[in-house]
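Undergrad: output the structure for:
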Amino acid sequence: MAISFTSQYKTFKLSKSTSIKKWIETIIKKEKRRAGEIHYVFVSDEDLLKMNKKFLNHNTYTDIITFDYCEDKTINGDIFISIDRVAENTAKFKTEFTDELHRVLIHGVLHLCGYKDKTKKDATLMRKMEENSLSKRPF
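TA: Predicted coordinates:
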């Protein structure tokens, strides 16, 4: 089992990574799953836009793209997060950068656990799960 964080973003370094890993593992266990190989990569808007075009045929900015490699109950995946988009969402939603970053971190894991967000009903459940997960942060 390994949860890793890599920054390809010019000035970003994740703080409290050990605590965040434990928090993510707790959420995964709550979903009755196991953490396998989960790789988070922090990138720029432009990098994520290129990926969005190449892999999803979407010509839009996004805060996260999750690639699911799960096997049965083992959670495996690559999660790419735009630090630029997280910063913009922080201003847009009038929240703290750390809170928005944690929301996006857990959003990717929830996708790997099977939660969707394409319909209004699914998005509402996803938001509820995010809020519940954020309330469980031990830091």
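Undergrad: what about the chain, any weak spots by pLDDT?
TA: Along the chain, the model assigns pLDDT under 70 to residues 1.
Undergrad: in it, which spans are helices?
TA: For the chain, the helices defined by DSSP state H cover 17-30, 45-56, 83-93, 97-112, 120-135.
Undergrad: return the distance of the fourth one from the chain's centre.
TA: It stands for helix 97-112. 4 Å (C-alpha atoms, centre = their mean, to the nearest Å).
Undergrad: over to the shortest one?
TA: The chain centroid and the centroid of helix 83-93 are separated by 14 Å under C-alpha atoms, centre = their mean.
Undergrad: relative to helix 97-112, how tilted is it?
TA: 110 degrees (axes from the mean of the first three to the mean of the last three C-alpha atoms, to 10 degrees).
Undergrad: contacts for helix 83-93?
TA: 9, 12, 42-45, 48, 61-63, 95-97, 100-101, 104 (C-beta atoms under 8 Å, 6 or more residues apart in numbering). Placement of C-beta: from N, CA and C, glycine included.
Undergrad: looking at those residues, which one is closest to Gly77?
TA: Closest approach to Gly77 among these (C-beta to C-beta): Val104, at 14.0 Å.
Undergrad: for the closest one, what are its contacts?
TA: 63-64, 81, 86.
Undergrad: including distance to Ile24 and neighbour count, could those go into TSV?
TA: Output for these, formatted as TSV (distance: C-beta to C-beta, whole Å; neighbours: other C-beta atoms under 10 Å):
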residue	distance to Ile24	neighbour count
Asp63	17	22
Ile64	14	18
Ile81	13	27
Val86	17	23
